[in-house]
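# any chance you could fold what I've pasted below:
(chains A and B)
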There are 2 protein chains.
Amino acid sequence: MDVTKFAIPEIIFGRGSLNYAGQCALRLGARKVFLVSDSGIEKAGWVGRLMDILKKEGIEWVYYPGVTSNPRDFEVEKGAEMYLKNGTDVIIAIGGGSALDTAKGIAIIASNGGRIRDYEGANRVSRPLPPMVLITTTAGSGSDISQFCIITDVERAVKMSIITRTLVPNISIVDPLILRTKSETLIIHSAVDALAHAVESYLSTISSPFTEMQSLKAIDLIIRHLPRAVETRSLDALEKLSIASVAASMAFSNASLGAEHALAHSLGGHFDMRHGVVHPILLTAVMRFNLDFAETKMGDIGRVILNTSYGSPRETALAGIDKLEEFFASFKVPLRFSQEMIKPEERHYLEPICKMAVHDACNITNPRPASWKELLKICEEVW
Amino acid sequence: MDVTKFAIPEIIFGRGSLNYAGQCALRLGARKVFLVSDSGIEKAGWVGRLMDILKKEGIEWVYYPGVTSNPRDFEVEKGAEMYLKNGTDVIIAIGGGSALDTAKGIAIIASNGGRIRDYEGANRVSRPLPPMVLITTTAGSGSDISQFCIITDVERAVKMSIITRTLVPNISIVDPLILRTKSETLIIHSAVDALAHAVESYLSTISSPFTEMQSLKAIDLIIRHLPRAVETRSLDALEKLSIASVAASMAFSNASLGAEHALAHSLGGHFDMRHGVVHPILLTAVMRFNLDFAETKMGDIGRVILNTSYGSPRETALAGIDKLEEFFASFKVPLRFSQEMIKPEERHYLEPICKMAVHDACNITNPRPASWKELLKICEEVW
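Numbering: from 1, shown residues only, chains lettered A, B, ... in the order given. Okay, here's the model as predicted:
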């Protein structure tokens, strides 16, 4: 095996782990925290709860509530200005991928200057970032674990992937109690995002034994526990999804992703659609596209999905993909772009979207090299 | 699940990863490195190789070669004095558990002062340690990954377990090429140590889904690849053992160990025996002792060892233990204390050794509470 790197934050996981946020900030030297979140999390009461925890530890804070879904370059740059103006020292973010990525973007600009687009791609951030404690309120994005940060460049209407080891936060807090205030839709969207992370990182050309183990574990947990989590909202099932998300994030942060996420970023940048809606449409189509180039590994995935083998790896892989399609269908989510996702008159945007996607950093590690024409063919198949 | 924590260093793994040592030190701000190793590693050429790598990056160093097997309190304290006197800033150690634990002990005293015995037990180190890059030359101790440091208190003739999150180094470098210069005996001792880490961490009362996955993976890899590694020295098999050791270390560092390691530390402190020789004697005996208190989990272990199930978890567990005993026997290592390990006239020391072992931090997380009398009974069984 060639040289491979594996880096994750310190993880504090479990029911009530949110209570450690203040102590974590203190441990990182906090005097005045820069707190990032959004109005949804605020309304659910989690921002207030976090402020109480900081108050108890005698930590001051400045609150930046300017997070939107699919965070934009100017929002990040405004946040960085506020960070610097207020003399804050540690960043704490609580929210889904959007809030956490906003915090990461702010950390980059506050310490490295310039515009956020200067850092697009892999390993372009040179100076160290402020200490970060990231608290996830979903079980999907993995931003609290990963070296990824996805920010929309408004001018080019594209989601930029910024990937560098220094984006791994110091501490990730994962408290499954927080998931109880999430909607059914958000639970599904987050879980299928984690599932796509797990599948794509497993198939990635730079996966390692350290990431592969995590990917398969995540697939197993999501297939077994998502239906129950949606039906019953049982804390046990939500906890299992949180474990799956952490495992998938450890994997994709270190093994990267593939063509499916490259497309998802490009689609999200153009249509401002929620990231989680894309995977039930695209994931199995991209898996079929990859099959000839990753037959053994796709057999492994099939075996986990089916909990058994069917003859050859190829047969198991194909049966696994079929089963996965049934799995997505069971949640009554759109399985085609034409189903309330993209208007017929906007279909022609798929071509520029695919042309953009081939340049996304995630496309590099797809097991089968994918040109924009091939990506477009995939998109047309699932129209 | 209650709150659980998972912390590991950044890991750089693979053939030739040693070459990254200089860049890693620079990344941690090194100007003058404190280099720790021992004469065996020096003779094998690895210390010289590492010095060349540092030289290439323009980094100065001070070399502390004073490492012995089962490192002693005064050696660590002498090293700390040398660290401070020479104005060094980053610690790099290359070696087995002894060299890496010596480096960790030096790091504690250099930054926190006092005597090393002041830090015995869990979470007693308060101030941050100097940055550390640890390079393992075995595939077993896991000191390059873990929050453990084992130092002998000469006066009390006991191995002290010092456990704290700040002992997790910044960077661990695992280069399987280094294993090729190891003796057959050392490969076996290291692998059975990693196997004991994997088994005990899986059964630990504070294991978590994040550690359990790693434990089972390590058991699987060691059972499948150690025989081939010993017979053929194939680089592929040695690499698999390295992966197993990293996985087992991620697990035990965060889930701790059990009664078997408590005994191993106490025995090693008294008799100055190599840590790796103890496990083929004690591990299965302690597993039998634990069976009633961890039947399901021991069934899981049995299933991995056997690669199949036999009826109930209990039956699978017992068949797994039998198989493990055959596995140890196949390497022609001592399976009883009386086999060249402890002289008959020293047998009476087992009682004070067991009285010491119950106070070892590892004994706390054993699935079945173990008194010194119960530990003595186990030792007598394998006399």
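# contact residues of the stretch 51-200 of chain A facing chain B?
Residues of the stretch 51-200 of chain A lying close to chain B (Cβ under 8 Å from any Cβ of the partner chain) are A:165, A:176. Glycine gets a C-beta too; all of them are placed from N, C-alpha and C.
# gap between the residue in the stretch 51-200 of chain A positioned nearest to chain B and A:Asp89?
Residue nearest to chain B within the stretch 51-200 of chain A (Cβ to the nearest Cβ): A:Arg165, separated by 7.4 Å. Noted for A:Arg165: a distance of 21 Å to A:Asp89, by Cβ to Cβ, to the nearest Å.
# those two: which is more packed in?
Between A:Arg165 and A:Asp89, counting by other Cβ atoms under 10 Å in any protein chain shown, A:Asp89 is the more crowded of the two (18 against 15).
# pLDDT score for that one?
pLDDT recorded at A:Asp89 is 94.
# same question, A:Met273
80.
# and the nearest residue to it once chain neighbours are set aside, how close does it get to B:Ile162?
Nearest non-adjacent residue to A:Met273, counting by Cβ to Cβ, 6 or more residues apart in numbering or on different chains: A:Leu267, 6.3 Å away. Noted for A:Leu267: a distance of 52 Å to B:Ile162, by Cβ to Cβ.
# quick one: the strands in the stretch 101-250 of chain A?
Remark: strands assigned in the stretch 101-250 of chain A by DSSP state E, counting those that start in this stretch are A:121-122, A:132-136, A:148-153, A:158-163, A:171-174.
# could you tell me how far the fourth one lies from the centre of the chain?
Yep, that's strand A:158-163 we're talking about. On the basis of Cα atoms, centre = their mean, to the nearest Å, strand A:158-163 sits 12 Å off its chain's mean C-alpha point.
# was I right to think A:Val133 contacts A:Leu28?
Yes - the criterion here is Cβ atoms under 8 Å, and A:Val133 meets it with A:Leu28 at 6.9 Å.
# who's in contact with A:Ala30?
With contact taken as Cβ atoms under 8 Å, 6 or more residues apart in numbering or on different chains, A:Ala30 is in contact with A:59, A:89-90, A:131.
# drop anything exposed from these.
Buried by 16 or more other Cβ atoms under 10 Å in any protein chain shown: A:59, A:89-90, A:131, out of those.
# among those residues, which lie within strands?
Of the positions in the buried ones among the contacts of A:Ala30, A:Val90 sit in strands, assigned by DSSP state E.
# for the buried ones among the contacts of A:Ala30, which one is nearest A:Tyr119?
Nearest to A:Tyr119 out of the buried ones among the contacts of A:Ala30 is A:Pro131 (Cβ to Cβ; 18.8 Å).
# skipping adjacent residues, who's closest to the closest one in space?
Once flanking residues are discounted, A:Pro131 sits nearest to A:Leu28: 3.8 Å by Cβ to Cβ, 6+ apart.
# ok, the one you found - contacts?
A:Leu28 sits next to A:90, A:131, A:133, A:170-171 when contact means Cβ under 8 Å, 6+ apart.
# show me the two of the contacts of A:Ala30 that sit farthest apart.
Using Cβ to Cβ, the pair of the contacts of A:Ala30 lying farthest apart is A:Ile59 and A:Pro131, separated by 12.8 Å.
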